[in-house]
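Peer 1: When you get a sec, could you give me coordinates for this:
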Amino acid sequence: MAFSNDTVGTAGLPKTPTGISGFDEVLLGGLPTGRPTLLCGSAGCGKTLFAMTFLINGALAGEPGVFLSFEERAEDLAINVASLGVDVDSLIASRLLAIDHVHVERAEIEESGEYDLEGLFVRLGYAIDSIGAKRVVLDTIEALFSGFTDEAVLRSELRRLFAWLKDRKVTAIITGERGDGQLTRYGIEEYVSDCVVLLDNRVVDQVTTRRLRVVKYRGSAHGTNEYPFLIDGRGISVLPITSAGLSHKVSSETVPTGVPGLDAMLGVGGFFKGASVLVSGLAGTGKSTFGASFVNAACARGERALYFAFEESPEQVVRNMLSVGIDLQPHLDKDLLRFESARPSLFGLEMHLARMNRDIHEFAPSAIVVDPISAFRGPESEIHATLLRLVDICKVAGITTMFTSLSSAGDNMSETDRGISSLMDSWLSLIDLEANGERNRVLYVLKSRGMDHSKQLREYRLTGDGIQLIEAYAGPDGVLTGAARMAQEARERDASLSREQDHERRRRLGARHRAAVERQIADLRAQLEDDDFEGELVEGEANTREGGYAADRTAMAVSRDMRSSGDR
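Peer 2: Coordinates of the predicted model:
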C-alpha cells in the first residue's frame, strides 16, 4: 500500500500512516510521529499482528522498523506473519526490518534502586541504529515489568521508557494486556502514552467480532466509536464508517438491468447508476437469476462486478445459471467477475460488513449483488444498521447494487423487506400467481425513485435464453397468466375468427346484393334507353308525316291553281 511516511493531521500534528485499511481513517491520518502509542487488549484480539503489520507496511514503504519481543522468538514471529503472505526474511535481509527477542526471567529481576532499563536501551538503540529504524514495536510490556511490585518504581521506569523513545524520535507501538477493570494490567501505561488504542475480541451468540476503539489521542481529533476489524489471509482491515451519510453524488446515467423488457418498464432504460435495488420474492421466483443477469450484463460491457453469495458456493451459482443460458465462467476467467461467498454464521454482522467493505475497495466494481440479505440473522435493528452502512458505502463509491431478499410464504413483504424499503431506490417484487392448478411467475415495480415506471404486472419465464418478460395481458377478471392466459387467448382467437367469418359472410352477401341492384339499375337504364329510342322514332315519324302533309297540301294547292287558270 502506497502512502507518505509523514502526514499532517487536522490539528497540525505530524502523523505516520499505519497502512492498515480503514485504521488510518479512524486516526485521521495515522499514529503520532515520533511518539509512543499503547495498543492494549485481551489475549487473541490481534495486538501482535497489528503491531507487526505496522512495521511491515512501513518497511514496504522504505521506512525501516524494529520489533522487540519479550515473549515470542523471531522465528515464531516470522512464521506467524507468513500466513499473511509476507516474506519477513527478505525484509530482514534488506535491512528494512529487525526482530530481536529479549528473554526476561522474572526471578532474575531485582527490584532495587540500582535497577534500571539501561541494558534494554542499549540493545534497542543498537537495533535502531543498525538499520536506521523509524518505527519500533515493543511486545509486550507486561513481560518486561513482570518483576515489579513497587508502583512508584514501575511508574518511574515506564516514564523513562516512553521518554527514551520520544528522544530517539521513533514512532513506537507498545502492546499491553487488558487489565481487570482497567485498560492495562498496571493501569499506568495509558496515562504516559500519547495515543491509546483498545482492541476487543467479543463473542455474542457464539459469533466472534473484533473491534477497536481509540481511547485517547493527544493533540489530534480521532474517531471515537467502536470499529469492527477483520483479520484474514489478506491482513487487517478496519471498517471506519459508523453511519450513513447523505452527501454522496448522484448520477443521471442509467445502468441496464440485464433483463429484456425490464428496462422499458423502468422508464429511463434501467436503474440509475449508484442506485440500490431490492429484488424480493418467494422461493423459486428467480431472485438469484435476476442478480446473475444483472452482473452478466455489467461484465458483458467490460465492467467489473462483485457477487456476495451467502447461500450458494461460486461453483454452484455458475452451474445453476447455465440452465437459464447465463454463462458466468468467461467473466470469472477475465477477472471481471468475482465471487465472495460465506455462510452468514461465519462472522457477526459487523465482521461481514468489514469484509465486504474491504472487498469493495480492493476490487473496485461498478455492480454488486448481495444474495440474499434475508440470510442474515440477528435483531432487525442490527440488520437494518448493517445494510444502511453497506448502502452508504456503495452510494459513496457510485456502485449500482442489487440486494435479493426471500419473502415469507403468505406474506410477500417480509419484516426485513419493510425495514429496508426506505433504503432502496428501486424495488422489484416477484410473486407467484396460482390459478387453474398451476403457479406462474409475475413481477411488478413496486417503487423506483426518480422515474415514471410501469405500474403493470408482467409475467416472466425462466427459459434457456434467460429471463423473458411476457407482454402484459389483462382479461375480464384481471391479469391472466399461464394456462388461463392461453385459454383466454384461444377463446379470443375463436371469437375473432367467428367475427372475421361473419364479416366475410356479410361482405359477400352485400356484394351479391350490390351486384343484383346494379343489374337492376342496368336493366332500368337499358329500358330508359329503349324508351328514349322509341320516343325518338315516334317523334321522327310524326315529323315525317307532318312534312308529307305539308308537301301534299302544297301540291294540292298548286294543282288547284292550275285548274282554275285552265277554266278561264
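
Peer 1: Run through the stretch 51-200 of the chain and note the low-pLDDT ranges.
Peer 2: 104-116, 146-151, 179-190 (pLDDT under 70).

Peer 1: Kindly list the longest helix within this protein.
Peer 2: helix 482-567 (DSSP state H).

Peer 1: Rounded mean pLDDT for it, please.
Peer 2: Mean per-residue pLDDT for helix 482-567: 78.

Peer 1: ok, now stretch 297-305?
Peer 2: Here the average pLDDT along stretch 297-305 is 96.

Peer 1: Show me how far that stretch is from its chain's centre.
Peer 2: Stretch 297-305 has its C-alpha centroid displaced from the chain centroid by 13 Å (C-alpha atoms, centre = their mean, to the nearest Å).

Peer 1: Other residues contacting it?
Peer 2: 255-258, 294-295, 328, 331, 334, 336-338, 363-369 (C-beta atoms under 8 Å, 6 or more residues apart in numbering). All C-beta spots, glycine's among them, are computed from the backbone N, C-alpha and C.

Peer 1: give me that answer again for 6 Å
Peer 2: 256, 258, 295, 331, 336-337, 365-367 (C-beta atoms under 6 Å, 6 or more residues apart in numbering).

Peer 1: Could you save those residues as CSV and add columns showing secondary structure, neighbour count and distance to Glu500?
Peer 2: Converted to CSV, those look like this (DSSP: H, G, I helix; E, B strand; the rest coil; neighbours: other C-beta atoms under 10 Å; distance: C-beta to C-beta, whole Å):
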residue, secondary structure, neighbour count, distance to Glu500
Pro256, coil, 18, 41
Gly258, coil, 26, 41
Val295, helix, 29, 48
His331, helix, 20, 51
Leu336, coil, 19, 53
Leu337, strand, 27, 52
Pro365, coil, 25, 55
Ser366, coil, 19, 53
Ala367, strand, 27, 50
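
Peer 1: ok so, going back, tell me which strands and helices the longest helix of the chain is in contact with?
Peer 2: strand 438-448 (3 or more C-beta pairs under 6 Å, 6 or more residues apart in numbering; DSSP states H and E).

Peer 1: Could you rerun that using 8 Å?
Peer 2: strand 426-435, strand 438-448, strand 474-475 (3 or more C-beta pairs under 8 Å, 6 or more residues apart in numbering; DSSP states H and E).

Peer 1: Report the buried residues of stretch 128-147.
Peer 2: 128, 131, 133-145, 147 (16 or more other C-beta atoms under 10 Å).

Peer 1: Which of those fall in helices?
Peer 2: Per DSSP H, the buried residues of stretch 128-147 map to helices at 128, 131, 141-144.

Peer 1: Out of the residues you listed, which two sit at the greatest distance?
Peer 2: Farthest-apart pair in these is Ile131 and Glu142; separation 26.5 Å (C-beta to C-beta).

Peer 1: So what's the residue count around Ser313?
Peer 2: Counted with other C-beta atoms under 10 Å, residues neighbouring Ser313 total 11.

Peer 1: Just give the closest residue to it, not the sequence neighbours.
Peer 2: Ser341 (5.7 Å; C-beta to C-beta, 6 or more residues apart in numbering).

Peer 1: contacting residues for the one you found?
Peer 2: 308-310, 312-314.
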